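J.: show me how the following folds:
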Amino acid sequence: MSDPQKQILRAIDTYKSAVLAKNAETLMHLYDPDVRVFDTWGVWSHEGAAAWRISVEGWFASLGSETVRVTFEDVKIVGDEDFASVSAFVRYAAVSAEGVELRSMHNRLSWAMKSRGHVLRIVQEHTSTPIGFEDTKAIFQRGGKG
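T.: Model prediction:
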């Protein structure tokens, strides 16, 4: 496994653990200061890490005592030590303080990562869900209809 692949797999592990811990500081270390994020929720884009941090902190605060367990599936990595792209299906599962899964959803995720200080950082993130052709409703479960 190449060093860029190892870096990206570490970034995925950091993403999962930071979200579970609701640790915005750790999560934001994955992002370039000039990142552009196309998120699934609310706005067309977040321009820069400062704008993205506000959204992340709002998400974590909204969870109350719940946590979110993140699972990456079917990860595809292309690139080298200077620039890489990642695509995956990501499952977000809300878990109660008692450890019970309350709900879940899938997103499609793409990262463009560029080397800054010999570390690949996310310079562009895009998450989305498909929209049903018949009803124009978001499809939140992979392989599902709604």
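
J.: which stretches in the protein count as strands?
T.: 31-38, 46-47, 67-79, 83-95, 101-116, 119-128 (DSSP state E).

J.: so for residue 143, which of the ones you listed sits nearest?
T.: Across the strands of the chain, residue 143 has its closest neighbour in strand 101-116 (8.7 Å, Cβ to Cβ). The C-beta positions use only the backbone N, C-alpha and C, and glycine is treated the same way.

J.: what pairs with the closest one, parallel or antiparallel?
T.: Neighbouring strands of strand 101-116 in its sheet, by DSSP bridges, are strand 83-95 (antiparallel), strand 119-128 (antiparallel).

J.: for the longest one, which positions count as buried?
T.: The neighbour-count check on strand 83-95 (16 or more other Cβ atoms under 10 Å) flags 84, 86, 88, 90, 91, 92, 95 as buried.

J.: please apply the same query to stretch 11-19.
T.: When burial is assessed from 16+ other Cβ under 10 Å, stretch 11-19 yields the following buried residues: 11, 12, 15, 16, 18, 19.
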